[in-house]
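J.: sequence plus the predicted model coming up.
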Amino acid sequence: MKKFFWLTIFSVIINLVLIVMLVVQQNSNQEMKSRINDLEEKKAFSFGELMDINAKYDFEAIEIIKSLGTNANCVDIGAHKGFFTEIFLENCPEGSHYAVEPLPHLYDELTQKFGDEVTVFSQALSNEKGSTTFNYIVSNPGYSGLKKRKTNREVEEVKEIEVELELLDNLIPESVDIDFMKIDVEGAEFLVLQGSKRILQQHKPIIIFEYGYDSRDLFGATPELVFDFFDSLGYKVSLMEYYLRNKPTFDRSHFIDHFNIGYNWYYVAYPG
């Protein structure tokens, strides 16, 4: 009798576990289907058959910039050849705009390209002043940065150059009300944010920033640190697509989980 009782209890427990697993799986599938539907709706409405994830990020960033207003003041950090700087000028023609690019040949190109329309800085942004070596990947300049990182090629030509380190807080006059910042500096984004704290506290700009495993592994910028930094300044953190569609922002645990999954590597932070 006791044996039958315990077998019955065990059977009930197993069934309950299976039911819970099925519910979790159904919820997970529903969430994935919902996400796919969202993306399919957005593609049909916004950019057709566009599949490349970086192009998707660019599209979403441009949509956010378009919402700023014609007199918004913007900063392009990691400007490269000035793609986003051009977007600033097109959509915010009455604003004051800044570009930051430490690679000398790209800095020269930017100053020639934009002239007096944009203030271009040649420093590498960080959370402290000084100088350091900068890894210039000649064969793949977009991966250049303060620290060596993996690229999409097996062999790269790399040169070390000397650059000046500076805080964005020291470069932008306090009188300029910054409305928007784009940060893409190959893993050092959190250093840039720490060096921009006065601007964030004073002006509360919308910030689009790259944030992936290199930020954590090379620079120690864990998702806990990043979320708490923004939270301490009264900021919310989300995906750009969520921001554009007025979806809920991440709480701390969801941001950490989302980062650890590694599905996205571009986020938006904005005053909440």
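T.: The structure has been received and is ready for your questions.

J.: sketch out the low-pLDDT regions of the stretch 1-150 of the chain for me.
T.: Confidence mapping of the stretch 1-150 of the chain against pLDDT under 70 gives the ranges 1-51.

J.: for the helix or strand harbouring Arg198, which positions count as buried?
T.: If you go by DSSP states H and E, Arg198 is part of helix 197-203. By neighbour count with 16 or more other CB atoms under 10 Å, helix 197-203 contains the buried residues Lys197, Ile199, Leu200, His203. No exception for glycine: its C-beta is placed from N, CA and C like everyone else's.

J.: now stretch 264-272
T.: Asn264, Trp265, Tyr266, Tyr267, Val268, Ala269, Tyr270.

J.: farthest pair within the residues you listed?
T.: Pairwise distances across the buried residues of stretch 264-272 peak at 18.1 Å for Trp265 and Tyr270 (criterion: CB to CB).

J.: export the buried residues of helix 197-203 to CSV and tack on distance to Leu167 and pLDDT?
T.: Formatted as CSV, the buried residues of helix 197-203 follow (distance: CB to CB, whole Å; pLDDT from 0 to 100):
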residue, distance to Leu167, pLDDT
Lys197, 9, 98
Ile199, 10, 98
Leu200, 12, 98
His203, 15, 98
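
J.: ok, so of the residues you listed, who is nearest Asn91?
T.: His203 (18.6 Å).

J.: circling back to that earlier point, how far away from the center of its chain is the helix holding Arg198?
T.: Computed by CA atoms, centre = their mean, to the nearest Å, the chain-centroid distance of helix 197-203 equals 18 Å.

J.: now do the next helix or strand after that helix: which elements does it pack against?
T.: Downstream of helix 197-203, the first helix or strand assigned by DSSP H and E is strand 206-210. Where contact means 3 or more CB pairs under 8 Å, 6 or more residues apart in numbering; DSSP states H and E, strand 206-210 is packed against helix 53-66, strand 180-183, helix 189-194, strand 266-271.

J.: now with 10 Å?
T.: When contacts are defined as 3 or more CB pairs under 10 Å, 6 or more residues apart in numbering; DSSP states H and E, strand 206-210 packs onto helix 53-66, strand 74-77, strand 180-183, helix 189-194, helix 223-232, strand 235-238, helix 240-244, strand 266-271.

J.: now the helix or strand following it: mean pLDDT?
T.: Once strand 206-210 ends, the next helix or strand along the chain (criterion: DSSP H and E) is helix 213-219. Average pLDDT, helix 213-219: 91.

J.: quick one: the helices in the stretch 1-150 of the chain?
T.: Here the stretch 1-150 of the chain has its helices, by DSSP state H, counting those that start in this stretch, at 2-42, 53-66, 83-91, 104-114.
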